[in-house]
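J.: Just to be clear, the model below is a prediction. Sequence and coordinates:
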Amino acid sequence: MTMKSDPQKINVIVTTNNDSHFKEDVESLAQLYIDISNRFSSGVAAMDYINYNSTNLVITDVELNDMNVNEFIKNVNKNFKINQIPVVMISEESSKDFVLDAIGAGCSGFVIRPYSLETLKEHIKNVVDLEKFGEIEEELVNEANEKINAGNYNSAIEDLQEVVGDGNDLASSYFEYGTKYLLNKKYTKAIIAFQKALKMNGLYIKAYTGMAEAYNGKGDKEKYKYYLEKAADEYAKIDNFQEVKKLFTEILKADPNAPNPYNTLGINLRKEGKFQLAKDAYFQALNLDPQDENIHFNMAKSYYFANDLENSLKYLQNALNINSYFEEARILYKKLTGHNWSN
């Protein structure tokens, strides 16, 4: 999707039950050479259309006949986890909590009404840039699939290995950027980072699935199973990211002056048994405050419940080196070592 001098041959829909808002938005988009193909007042009707028609962009007003706008955005994201459809919200409401709710729902852009044409153009440009993000990797995946269909498995595996790289999880990195931007109230940057995280996840899923097919073609059942599991792990991360993002926005809404919301996030995730996600949150908490014994202790508990006693002991020692009178840490330390803490 690109903005150019002729009306675009792309499928853009608008969802709103407000006639004046619809007129304003259509006229503004026309000045950006973007034609609207359909309008829906109902979120259910819009979802039904998207399910059966290739859609490049959804512009949504806050006012829908049958559902909350954030529920509508969540439904779009839920139905199109891997092949994302960008949803830009245009809203008269711009309170911090409302914006956080929209980000938690998964919007691809947030425009405050009344808006200037330049503002709308900038948000549409962000969506265009997000669509281009990962183009090279997407092309490699497509080429690899053609090679798999032709029986050229080794070359396909090489192409797909380029996509997944050396194990560096770019999706998680972008997600961490997103939460840091939220913490600093840089909402547009947060939205872009979260969308990049989801796009990388989708590419990883396609790449690992392709590698599984290639190894299956080679008759290597062990690697076939391994890469199917890798694809499943990446697929699960999409839901994890959405859940963590929702929790994080709720924390910031409840206490905007929370000294370390990453620590609170980690506690919530650990209580749900999501120990790896909890540890990721605690790592970010330690980046903000490396001398907080409570965070080190929480990290120790996450490792303890994940049955990694070596790392649990390491973080307990960190906590007790900071505060040797930390009673809970002393109790867990004795439980792990059989003797009292002494520095």
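T.: Arrived safely.
J.: switch to C-alpha atoms for all contacts and neighbour counts from now on
T.: OK.
J.: can you pull the contacts of Gly106?
T.: Neighbouring residues of Gly106 by Cα atoms under 8 Å, 6 or more residues apart in numbering: 73-74, 77, 191, 242.
J.: With Tyr215 instead?
T.: Taking Cα under 8 Å, 6+ apart as the criterion, Tyr215 is in contact with 153, 221, 223-224.
J.: Of these, which is the most crowded?
T.: The most neighbours of any of the contacts of Tyr215, using other Cα atoms under 10 Å, belong to Tyr153, which has 23 neighbours.
J.: Tell me how far it lies from Glu139.
T.: 17 Å (Cα to Cα, to the nearest Å).
J.: quick check: domain ranges of the protein?
T.: Per automatic domain parsing, the domain ranges recorded for the chain read 12-132, 133-237, 259-343.
J.: Identify each buried residue in the strand or helix carrying Val128, please.
T.: Using DSSP states H and E, Val128 maps to helix 117-132. By neighbour count with 16 or more other Cα atoms under 10 Å, helix 117-132 contains the buried residues 120-121, 123-124, 126-128, 130-131.
J.: How about stretch 139-150?
T.: For stretch 139-150, the neighbour count (16+ other Cα under 10 Å) marks 140-142, 144-145, 147-148 as buried.
J.: all strands for the stretch 51-200 of the chain, in order.
T.: Ranges of strands within the stretch 51-200 of the chain are 57-61, 87-91, 109-112, based on DSSP state E, counting those that start in this stretch.
J.: Quick check: which of these is buried the most?
T.: strand 57-61 (a mean of 25; mean count of other Cα atoms under 10 Å).
J.: who touches that strand?
T.: Contacts for strand 57-61 (Cα under 8 Å, 6+ apart): 11-16, 21, 69, 85-91.
J.: what's the closest of those residues to Gln195?
T.: Checking those against Gln195 by Cα to Cα gives Pro86 as the nearest, at 8.8 Å.
J.: quick one: that closest one from Arg39, how far?
T.: 16 Å.
J.: what do you get for Asn323?
T.: Distance of Asn323 to Arg39, given as Cα to Cα: 61 Å.
J.: More neighbours: those two, which one.
T.: Arg39 (19 against 16).
J.: and that one, that's in a strand?
T.: Yes: looking at Arg39 with DSSP: H, G, I helix; E, B strand; the rest coil, it is inside a strand.
J.: Quick check: mean pLDDT of the helix holding Val128?
T.: For helix 117-132, mean pLDDT is 92.
J.: If any of the contacts of Gly106 are buried, put those into a ChimeraX selection.
T.: Buried members of the contacts of Gly106, defined by 16+ other Cα under 10 Å, are picked up in ChimeraX with:
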select :73,74,77,191,242
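J.: now, which of the contacts of Gly106 sits nearest Gly266?
T.: Gln242 (15.0 Å).
J.: you'd agree that closest one is up against Gly104?
T.: Yes: judged on Cα atoms under 8 Å, Gln242 makes contact with Gly104 at a distance of 7.3 Å.
J.: Next up, the contacts around the closest residue to Asn294 other than its chain neighbours.
T.: Leaving aside its chain neighbours, Asn294 sits nearest to Ala319 (6.9 Å; criterion: Cα to Cα, 6 or more residues apart in numbering). By Cα under 8 Å, 6+ apart, the contact set of Ala319 is 292-297, 326, 329.
J.: Of those residues, which belong to strands?
T.: In strands, defined here by DSSP state E, there are no members of the contacts of Ala319.
J.: Of those, which is the nearest to Ser54?
T.: Closest to Ser54, out of all of the contacts of Ala319 and judged by Cα to Cα, is Ile295, at 46.4 Å.
J.: Now do the same contact list for Ile322.
T.: Going by Cα under 8 Å, 6+ apart, Ile322 touches 291-293.
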